[in-house]
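*Asks:* From the sequence below, what's the structure:
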Amino acid sequence: MPGELITGDQQIQWAGLLLGDGTPYTVTRVTGWSSRPAVDSGTSPRAQQHGARPGRLLAQARTIGIDLRITGPDATFPAVLQALEDATAIRQDEEPLVIQLAGRQLLVSARVTDRVVPDDGDFTAGVPAVALLLEATDPRRYAVTEQSGSSALPAPESGLPWGDPAETGLSWGTPTETGVVWGTPGSTGDITVTNIGNAEVHPIIEIRGPVTKPSITAGDLRLEYDITLAGTDVLVVDTWVGTVTLAGQDRLGTATLRSAPEGAFLLPPKATTTLNFRAAPGSTDPAASATVRWRSAYW
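*Replies:* Numbering: from 1, shown residues only. From the prediction side, this is the model:
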């Protein structure tokens, strides 16, 4: 689990290796973590007028530098160096990088793009200075703990019970008169999600059948798919990657004309959002459900 090895501040977990206080890898400096990533500006000059027209600001990939110094008994140096080399080998897939500073753990997915180990006198003495460079293509920093919320399709309450087996009248509650029993509460079909961070979040949405033409809406935004899911089917919508898959197969083409681009479906910062799970008329199976997974995000 990301961050499970971290026990205090000034510690970093990367590829199963713990760096920082209490380890042979003393962290001397971290750059690009608390700083805001560079941005591309869509601002353009105003024609024949002073000033410019404000455009969108889009964050670039986050570049993180970690400076280390290996310390410890000389006898352990070869194994300590090998463990670092293994953790920072060239890999094509991003991995979780968790850093704890000021009592707060945050997470990015990154790759090591450079590792510098000078072969100097300090290296010969077994205490070399090491510089690591990592790149996170998603520049947002996330809470380590993933959150989720689920709902079935909307269902009405069952109504007032009039007595069973014969109609003996309304039930006022037992064993004492606690009030009228209005029936089992129905499902609202709504999912409440809260992003406490200061950056917008792309959620992952999982829709389970049986359901026909499922949709998820948040205000004016809608994701809707012209597809029928069986009871064992799970449609996965990754709004960051922009994919819609069923059993690993692409189903992006089932998006209806009313559906927004997946990448535009965002959870706003510092806000609670209600998502509505709906389906085609007549699709009311109580076994159908939608689950939303997200992490609060920070710049």
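*Asks:* wait, is residue 82 part of a strand?
*Replies:* No - using DSSP: H, G, I helix; E, B strand; the rest coil, the secondary structure at residue 82 is helix, not a strand.
*Asks:* start the count at 306, not 1, going forward
*Replies:* With the count now opening at 306, the last piece we talked about shows up as residue 387.
*Asks:* so how many other residues sit close to it?
*Replies:* As a burial measure, residue 387 scores 10 neighbours (other CB atoms under 10 Å). The C-beta positions use only the backbone N, C-alpha and C, and glycine is treated the same way.
*Asks:* can you check residue 446 too?
*Replies:* 26.
*Asks:* wait, it sits on residue 601?
*Replies:* No - with contact defined as CB atoms under 8 Å, residue 446 and residue 601 do not form a contacting pair (9.8 Å).
*Asks:* Identify the residues contacting residue 344.
*Replies:* Contacts for residue 344 (CB atoms under 8 Å, 6 or more residues apart in numbering) come out as 362, 363, 364, 365.
*Asks:* Now do the same for it: its pLDDT.
*Replies:* Residue 344 carries a pLDDT value of 94.
*Asks:* What residues of the top strand by length along the chain count as buried?
*Replies:* Longest strand of the chain, by residue count under DSSP state E: strand 409-421. By 16 or more other CB atoms under 10 Å, the buried positions in strand 409-421 come out as 410, 411, 412, 413, 415, 416, 417, 420.
*Asks:* got a winner among the contacts of residue 344 for most neighbours?
*Replies:* In terms of neighbours by other CB under 10 Å, these top out with residue 364 at 15 neighbours.
*Asks:* That one and residue 441: what is the separation?
*Replies:* 10 Å (CB to CB, to the nearest Å).
*Asks:* what sits opposite residue 373 in the beta ladder?
*Replies:* For residue 373, the beta-bridge partners are residue 332, residue 435 (DSSP bridges).
*Asks:* Give me the neighbour count for it.
*Replies:* Other residues within reach of residue 373, judged by other CB under 10 Å, total 22.
*Asks:* got a list of what the closest residue to residue 501 other than its chain neighbours touches?
*Replies:* Excluding its sequence neighbours, the residue lying closest to residue 501 (CB to CB, 6 or more residues apart in numbering) is residue 601, at 4.7 Å. Contact analysis of residue 601 by CB under 8 Å, 6+ apart lists 447, 448, 452, 499, 500, 501, 502, 506.
*Asks:* Relative to the whole chain's centre, how far out is stretch 536-550?
*Replies:* Mean-position distance between stretch 536-550 and its chain equals 14 Å (CA atoms, centre = their mean, to the nearest Å).
*Asks:* Can I get that stretch in CSV, CA atoms only?
*Replies:* Taking C-alpha atoms only, stretch 536-550 is exported to CSV below (Å, rounded to 0.1, in the frame of the first residue of the first chain):
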residue,chain,number,x,y,z
GLY,A,536,-25.7,-8.7,-13.9
THR,A,537,-22.0,-9.7,-14.1
ASP,A,538,-20.9,-6.7,-16.2
VAL,A,539,-19.0,-3.7,-14.8
LEU,A,540,-18.5,-0.7,-17.1
VAL,A,541,-15.4,1.3,-15.9
VAL,A,542,-15.1,5.0,-16.8
ASP,A,543,-11.7,6.5,-16.1
THR,A,544,-12.2,10.2,-16.5
TRP,A,545,-8.5,11.1,-16.2
VAL,A,546,-7.3,8.6,-18.9
GLY,A,547,-10.5,9.2,-20.9
THR,A,548,-11.4,5.5,-21.3
VAL,A,549,-14.6,3.5,-21.1
THR,A,550,-14.1,-0.2,-20.8
